[in-house]
Structures are given as C-alpha cells and as structure tokens.
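K.L.:
next comes the sequence, and after it the predicted model I'd like to discuss.
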Amino acid sequence: MENSTTAKKVMLSGIQPSGELHLGNYLGAVKNWAELAEEFDCYYFMADLHSITVRQNPADLRRRSVSQLAQYIACGLDPEKNTLFIQSHVHEHAELGWILNCYTMFGELSRMTQFKDKSSKNAENINGGLFTYPALMAADILLYQADYVPVGEDQKQHCELTRDVAIRFNNLYGDTFKVPEPYIPKVGARIMSLGTPTSKMSKSDPQGCVFIMDKPEDIARKFKRAVTDSDTENCVRYDPENKPGVANLMNIYSSVTGKRFEEIEREFAGQGYGAFKPAVGEAVIETLRPIREESERMLADKAYLQQIYTDGAKRATAVARRTLRKVYKRVGFVEKPF
Ligand code: TYM
C-alpha cells in the first residue's frame, strides 16, 4: 500500500450513506474510481458524519454504512489497492472540520446550492451542520493532501470552496495543504431523474431513481416508464435542451456501453422510444447484476467487511494524523504532552 510520502498523486472521495447507492452515484462517481487504483493513491469513505445533517434512522444508517462498503468493493474497488474506511472512525475529520469552520466565511456557505436545496426540502431541520457541511468536506479532502477529488458535477461547488479555504489557510500560515482539483467524468457526471429529467437523480425521488441493489424487474419497469419527451418526433436524437429525457437516457446508455451519441442515434434510427427505453434498461440491468450479486455475497460475511474497514481506518488515520498535527501547530495550539 502506497501512502502520501510516495510520488503517486492522491485521489479522495466519499458518498453519504444516507440512502442506498443509486445509478447517479455509480456513473458520476464510483464507476470511475475503480480504474484509478494503479496510478493513484486512493482513499474512499462512507461519509456518515455528513449524513446526520439530515435526520437518519440510526439502525438504517449503521446498516447502510456497511452495505455501502460492500457495494464499493463490488463496483471494483480492491481493498488492497484502495483505502476504504468509515469517516467517523477517523476522528481527525471532525477536528479539522471544526478548525476549517473558522476559516470559511458565512457568505461563502450561504451561496452553496446544496445547502439551499436541502434546507428547502428539510424546512423543519435547518441545522448548523447542514450549513457548515462544506467545511467538513474541505477537511475530508485536505487531511489527505488530495490532488484530485473524483465526483459528479453537483459537488464541483464544494470542491471549489475547498480550494478557496486551502489557499486562504496557506496564505495565512505558509504551505500546509495541497490545493485539490475536482475530477469530473465527461459522460455521466449528471444523471437526471427518470421521472423528472430536469432534476438530478436522487434517492429522495425513488420512482425516478435506480438503485444499485434494485431487482432487474424493478429496473426494467423504471426504464419503461421513463419520461421521454412531449414532442411527437419519437426519434432518438441528442438534444439536451429540447429533449432532456432522451438526452438523459442516451447519457446513461453511453456511460454503461461506452458507445458514443452518434452510434446510439444510428443504432436506434427509425425505432423510436418504444425500443430505446427497454434497451437502456437492459444495458443497466446487465451492468448492475454482477455488482448486486457480489454485494449480496459480501454482505453475508460481516467479519470480512469489518476487517476491511478496520484496516482502512488505521491506514487513513496514519495520514490524517500527520496533517492535523501540522495544522494544530500552525494555528497556535500547545503541543499535546502525551
Ligand atoms: P453524495 O453522497 O450526494 O453523492 C456521492 C457522489 O455521487 C455523485 N452524484 C451524482 N453524479 C451524477 N449524477 C447524479 N444524479 C448524482 N448524484 C450524486 C456526487 O457528485 C458525488 O460524487 N458531499 C458529498 C460527499 C462527500 C465528499 C467528501 C465527496 C463528503 N466529503 C469529500 C468528495 C470528497 C455528497 O453529498 O455526495
């Protein structure tokens, strides 16, 4: 296992275990992580600290944190080559999160789209954590001196804020943090809801959302019902402005098959949406089938998963501790005598 003292660049990302992993998480993020392991020093975690910014059922949160780990591995993240851990097991995240709160401005946090979106959906629980969430995310990234953060399009704004905070801190105290860059895929960075193709796919809209663990028949049904377009053209053509539903399905099909948009247009020329929608569903079913089966197999072996997240937390802590020690010194804390 490599660490940050080697020449390899560092990749880091996380997903909140606040719901089951869905196709957006897979195509926008996890799918792209697996192929990075040889070239980069990779850290991926279950962002459970972030999840409690919205009320969770404790038993479900605990179960999903472990099942998300099984799904990471089933998606191709080899635990020997990637450091996989649960965020709350590395307390340095919460500690650096607090410090970075003091270097992140109210105005910056107020501009975050995710905050505006989540606070409008959870009007009865607009808590401080929901607001300061990006400072914790900055801590997640900066603790590991990450070079790149592989995420979907919706996390770009948080990554940019992380850069601003790192630069601000470095300007005040001298070089402390690597300034990271988001790493966003060309296709699949923004998968939209199958029911409302103008909103991003998210767990809060289960009908428009395909979950990695969904049964094949449920996936097929969701794609058959996918909203295409109100036009009468009935023609598979990439036009995100006027045909967002079809563009989204093409995006999904392209991500799972590797086919380019022109190829897809040719493949379905003269066939219409009636043939296209089930074909996309079928391609997704076949992509997700081995992932679901492998996850289920691993979930039956809790001891194995526990071993993985224990090793992961140890490796992550060793790196995180170094950065936090440096930060404590920089801001003026007395060195801990024990
Ligand atoms: P989260 O948990 O909402 O989403 C996890 C990852 O999935 C991507 N994603 C999507 N990509 C394409 N289309 C979609 N519809 C879609 N929905 C989600 C997200 O862009 C993300 O990459 N704040 C983060 C979690 C986090 C994190 C971090 C990420 C916490 N600390 C440090 C990177 C680095 C979040 O809420 O993602």
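P.N.:
All right, it came through fine.

K.L.:
can we go C-alpha only for contacts and neighbour counts from here?
P.N.:
Noted.

K.L.:
run a quick neighbour tally on the nearest residue to R64 once chain neighbours are set aside.
P.N.:
With C-alpha to C-alpha, 6 or more residues apart in numbering as the measure, P17 is the residue that lies nearest to R64, at 5.7 Å, once sequence neighbours are left out. A total of 27 residues lie near P17 under the criterion other C-alpha atoms under 10 Å.

K.L.:
which residues touch P17?
P.N.:
Each residue near P17 by C-alpha atoms under 8 Å, 6 or more residues apart in numbering is listed here: M46, A47, D48, S51, L61, R64, S65, Q68.

K.L.:
return the residues of the stretch 101-250 of the chain in contact with the ligand.
P.N.:
137, 140-141, 149, 151-155, 188-192, 200-202 (C-alpha under 6 Å from any ligand atom).

K.L.:
of these, which belong to helices?
P.N.:
M137, D140, I141 (DSSP state H).

K.L.:
domain-wise, how is this structure divided?
P.N.:
Structural domains assigned to the chain are 9-189+302-331, 216-296, following automatic domain parsing.

K.L.:
make TSV out of those domains and add distance to Q207.
P.N.:
Putting these into TSV (distance: least, C-alpha to C-alpha, whole Å) gives the following:
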stretch	distance to Q207
domain 9-189+302-331	12
domain 216-296	7
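
K.L.:
one step back: which of the residues of the stretch 101-250 of the chain next to the ligand count as buried?
P.N.:
137, 140-141, 149, 151-153, 155, 188-192, 200-202 (16 or more other C-alpha atoms under 10 Å).

K.L.:
in CSV: the domains of the chain, plus mean pLDDT and distance to T196.
P.N.:
Listed next are these as CSV, based on pLDDT from 0 to 100; distance: least, C-alpha to C-alpha, whole Å:
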stretch, mean pLDDT, distance to T196
domain 9-189+302-331, 97, 14
domain 216-296, 94, 7
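
K.L.:
what's the neighbour count on D48?
P.N.:
21.

K.L.:
which residues touch it?
P.N.:
D48 touches Q16, P17, S18, L61, S65, I86, Q87, S88, counting by C-alpha under 8 Å, 6+ apart.

K.L.:
looking at those residues, which is nearest C209?
P.N.:
Distance to C209, by C-alpha to C-alpha, is smallest for S18 among the contacts of D48, at 14.5 Å.

K.L.:
leaving out chain neighbours, which residue sits closest to that closest one?
P.N.:
Closest to S18 by C-alpha to C-alpha, 6+ apart is S51, at 5.3 Å.

K.L.:
show me the contacts for that neighbour.
P.N.:
S51 neighbours (C-alpha under 8 Å, 6+ apart): Q16, P17, S18.

K.L.:
to C209, which of the domains of the chain lies closest?
P.N.:
Short answer: domain 9-189+302-331, nearest of these by C-alpha to C-alpha, at 6.8 Å.

K.L.:
start and end of that closest one, how far apart?
P.N.:
27 Å (C-alpha to C-alpha, to the nearest Å).

K.L.:
cool, and stretch 102-116?
P.N.:
Across stretch 102-116, first to last residue, C-alpha to C-alpha, it's 21 Å.

K.L.:
just stretch 94-112 next, same as before
P.N.:
20 Å.

K.L.:
for that stretch, give me every contacting residue.
P.N.:
88, 115-116, 131-132, 134-140, 143, 157-158, 161, 165, 168-169, 324.

K.L.:
so which of those residues belong to helices?
P.N.:
Here DSSP H is the test, and those give 115-116, 131-132, 134-140, 143, 157-158, 161, 165, 168-169, 324 as lying in helices.
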